[in-house]
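**Student:** Fold the stuff below for me.
(2 chains)
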Amino acid sequence: MDNESEMKDPVLPLGRPTVGSAPGPGTTGDWRTSKPIFFEEQCTKCYQCWLYCPEGTIRVDAKGEYPYIDYVYCKGCGICVHVCPQDALKMEKE
Amino acid sequence: MRKVVQTMKNPNVQLLTGNAAVATAAKLARPKVIPAYPITPQTLIVETISGMIARGEFDCDFVNVESEHSAMGAAIGASLGGVRTFTATSAHGLLYMGELVWWAGVTRVPIVMPVVNRSLNPWNIWPDHQDSMTFRDAGWIQFYAKNNQEVLDLTLCAFKIAEHHKVWMPVMICLDGFILSHTSAQVEIPTQEEVDEFLPPFKPLAMLDPDDPFAHGSLTDSKGIWEQRMSLIDGFNNARVIIPKVFHEYYEKFGRLSKEMIEIVGDINDANVAIVAIGTLGEEAEQSLEVLNKRGIKAVVIRPRVIRPFPKKELIAALRKVPKLLVIDRAVSFGNAGQLAIEIQAELYANKVDIEFHQIIRGLGGMDVTYMDIASEVGKIM
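**Tutor:** Residues are numbered from 1 along each chain as shown, chains lettered A, B, ... in the order given. Prediction:
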């Protein structure tokens, strides 16, 4: 292999930021053993769950809309259930 | 090798210490960032370079860091920022830098760093190769220089080799503390124009850019690690071809170095014994040839200039021609033997070379090894 053009190029340890860039396909919601279930009828849209979610997986698309849970990334920590003043969230085993 | 004598015709020859030769080569190579921390016996490199920058002779950012760990951290950042980067260290500084030396090595950051060889603990400031040998496996190319001229020559070549897009890895130039670093000798200095012709500007393979962001060395799974490690092995195989090419190019332009990764002094086709040693021990061994010749022993010195990649092919081709071999190590792999001896033995076995093998460890902690000492060691095995 004396010909420079035939030599292999270096593989550099570069990572590009993408949605779900964790190892594997990035679906970190797989790590969950139990998940929060949302009951719209009890929700007063106080957004405490959205504020407290440490993973940013509780979303509110526009002011006045109900929050919803992105289960692709929700790890099931249960903080949203704990902070909800209306019991509009409950934990359920996966 | 061309004889280096200062005359009116050759005003470019100066008396330089090894450290001054490093600083001069660094300036000629035009790096843009030098983060460095002083440590004996490397201190004069840092002092000389910071002086050049302070006087406005050298257009470069000198980063006054608080430790060697930060020096290498800043060097990695600067290099990934897309500029030619240089630093220098020694002994304990190298160990303190350790984690980031591995970062630069295995994640391919083409930094050039002279290591002024100095013994490790307990406190001792004199030369042996234990410091740089500790980082033999860290993914860095390693050169060992025999004199101040070779320090300058290898430092200039180091940039071109490190930054070759098929190599793209950091280079350590090892020079023995005090024997080279603080001893003045004649050094022929190329002009800036000549160096600019030899060494093109830095062309980054990947460069940190806020408009096209990437993370360098983030969490990597086993598959990714495997791919990168195999690529590093390929990179060293590429370096085996590129290094002699760059040395040869340097020879054509400046008349020094040769296209080989090893230097042979003496008549190898007529030798009864070969001495293998690196750095200044190799040059000292050259001085013993005349003494040995008077005693009727025809010896030859084989001195690897490059230890990583290990110049297997060249060494074996040379060692096939001699019946006896003495390897002198200036460092120890504790629990086994001298690193050079271990690696040469492995190649001798793999290539079925029939040779009488001897090894000694000398010169630890700066212990003087004279040409008479080497001659007497050779005498013992004859």
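
**Student:** For chain B, see how far away the residue sitting nearest the centre point of chain A is.
**Tutor:** Nearest to the centroid of the C-alpha atoms of chain A, with distances taken as C-alpha atoms, centre = their mean, sits A:Y73, at 2.5 Å. Using C-beta to the nearest C-beta, to the nearest Å, A:Y73 is found at 17 Å from chain B. (C-beta placed from N, C-alpha, C; glycine too.)

**Student:** mind listing the helices in the chain by residue range?
**Tutor:** Chain wasn't specified; assuming chain A. In chain A, the segments counted as helices under DSSP state H are A:48-52, A:79-83.

**Student:** The intended chain is chain B.
**Tutor:** With DSSP H as the definition, chain B shows helices at residue ranges B:18-29, B:43-54, B:68-80, B:91-106, B:130-133, B:148-162, B:192-198, B:222-254, B:280-294, B:312-319, B:339-350, B:371-381.

**Student:** Nearest approach to A:E41 belongs to which of those?
**Tutor:** Comparing those against A:E41 with C-beta to C-beta, the closest turns out to be helix B:222-254 (47.1 Å).

**Student:** what packs against the closest one?
**Tutor:** For helix B:222-254, the packing partners by 3 or more C-beta pairs under 8 Å, 6 or more residues apart in numbering or on different chains; DSSP states H and E come out as helix B:91-106, strand B:141-144, helix B:148-162, helix B:192-198.

**Student:** can you pull the contacts of residue 93?
**Tutor:** Going with chain A. Applying C-beta atoms under 8 Å, 6 or more residues apart in numbering or on different chains, we find A:K93 in contact with A:T33, A:S34.

**Student:** Wait, chain B was what I had in mind.
**Tutor:** With contact set as C-beta under 8 Å, 6+ apart, B:G93 has these partners: B:Y37, B:I39, B:Q42, B:E68.

**Student:** Recalculate using a threshold of 6 Å.
**Tutor:** Contact analysis of B:G93 by C-beta atoms under 6 Å, 6 or more residues apart in numbering or on different chains lists B:I39, B:E68.

**Student:** What separation is there between it and B:A71?
**Tutor:** For B:G93, the distance to B:A71 equals 8 Å [C-beta to C-beta, to the nearest Å].

**Student:** what's the burial count for the residue of chain A found nearest chain B?
**Tutor:** Per C-beta to the nearest C-beta, the residue of chain A with the smallest distance to chain B is A:V11, at 3.7 Å. A:V11 sits with 16 neighbouring residues when counted by other C-beta atoms under 10 Å in any protein chain shown.

**Student:** who in chain A is up against chain B?
**Tutor:** If contact is defined as C-beta under 6 Å from any C-beta of the partner chain, the residues of chain A in contact with chain B are A:D2, A:E4, A:M7, A:K8, A:P10, A:V11, A:L12, A:P13, A:L14, A:G15, A:R16, A:P23.

**Student:** Can you add pLDDT and give those residues back as CSV?
**Tutor:** Rendered in CSV, the data for the residues of chain A next to chain B read as follows (pLDDT from 0 to 100):
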residue, pLDDT
A:D2, 74
A:E4, 89
A:M7, 95
A:K8, 95
A:P10, 95
A:V11, 94
A:L12, 93
A:P13, 92
A:L14, 89
A:G15, 82
A:R16, 75
A:P23, 55
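
**Student:** which among the residues you listed end up buried?
**Tutor:** Buried residues within the residues of chain A next to chain B, counting neighbours by 16 or more other C-beta atoms under 10 Å in any protein chain shown: A:M7, A:P10, A:V11, A:L12, A:P13.

**Student:** Name all residues that make contact with the last one.
**Tutor:** For A:P13, the contacting residues are B:T107, B:G217, B:Q228, by C-beta under 6 Å, 6+ apart.

**Student:** where does the closest residue to chain A within the stretch 251-382 of chain B land on pLDDT?
**Tutor:** Here the residue of the stretch 251-382 of chain B nearest chain A is B:K313; by C-beta to the nearest C-beta that distance is 12.0 Å. Each residue has a pLDDT score; the one for B:K313 is 96.

**Student:** mind checking how far the residue at minimal distance from the centre of chain B is from B:P35?
**Tutor:** The central residue of chain B, meaning the one whose C-alpha is nearest the mean C-alpha position (C-alpha atoms, centre = their mean), is B:F143 at 2.1 Å. Here the distance between B:F143 and B:P35 works out to 21 Å (C-beta to C-beta).

**Student:** Likewise for B:A271?
**Tutor:** Separation of B:A271 from B:P35 (C-beta to C-beta): 46 Å.

**Student:** Chain A contacts on chain B?
**Tutor:** Close to chain A, as judged by C-beta under 6 Å from any C-beta, chain B has residues B:107-108, B:166, B:168, B:206, B:214-215, B:217-218, B:221, B:227-228, B:231, B:234-235, B:238, B:241.

**Student:** Correct me if wrong: B:A277 contacts B:A285.
**Tutor:** Yes. With the criterion set as C-beta atoms under 6 Å, B:A277 and B:A285 qualify as a contacting pair; they are 5.1 Å apart.

**Student:** quick one: contacts for B:V22?
**Tutor:** Applying C-beta under 6 Å, 6+ apart to B:V22 gives the contacts B:I45, B:P114, B:V151, B:T155.

**Student:** any chance of the helices of chain B in a markdown table, with distance to B:V265 too?
**Tutor:** Output for these, formatted as a markdown table (distance: least, C-beta to C-beta, whole Å):
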| stretch | distance to B:V265 |
| --- | --- |
| helix B:18-29 | 20 |
| helix B:43-54 | 28 |
| helix B:68-80 | 35 |
| helix B:91-106 | 29 |
| helix B:130-133 | 23 |
| helix B:148-162 | 13 |
| helix B:192-198 | 26 |
| helix B:222-254 | 16 |
| helix B:280-294 | 5 |
| helix B:312-319 | 11 |
| helix B:339-350 | 17 |
| helix B:371-381 | 12 |
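
**Student:** Out of those helices, the one nearest A:E55 is which?
**Tutor:** Going by C-beta to C-beta, the one of the helices of chain B nearest A:E55 is helix B:222-254, 24.2 Å.

**Student:** Return the set of buried residues in that closest one.
**Tutor:** B:228, B:231-232, B:234-235, B:238-244, B:246-247, B:250-251, B:254.

**Student:** can you check stretch B:50-59 too?
**Tutor:** If you call a residue buried by 16+ other C-beta under 10 Å, then stretch B:50-59 has these buried ones: B:S50, B:M52, B:I53, B:F58.

**Student:** what's the spacing between the second one and B:T280?
**Tutor:** Applying C-beta to C-beta, one obtains 26 Å for the distance of B:M52 from B:T280.

**Student:** Quick check: closest non-adjacent residue to the residue in chain B positioned nearest to chain A.
**Tutor:** Closest approach of chain B to chain A (C-beta to the nearest C-beta) occurs at B:S231, with a separation of 3.7 Å. Of all residues not flanking B:S231 in the chain, A:V11 sits nearest, at 3.7 Å (C-beta to C-beta, 6 or more residues apart in numbering or on different chains).
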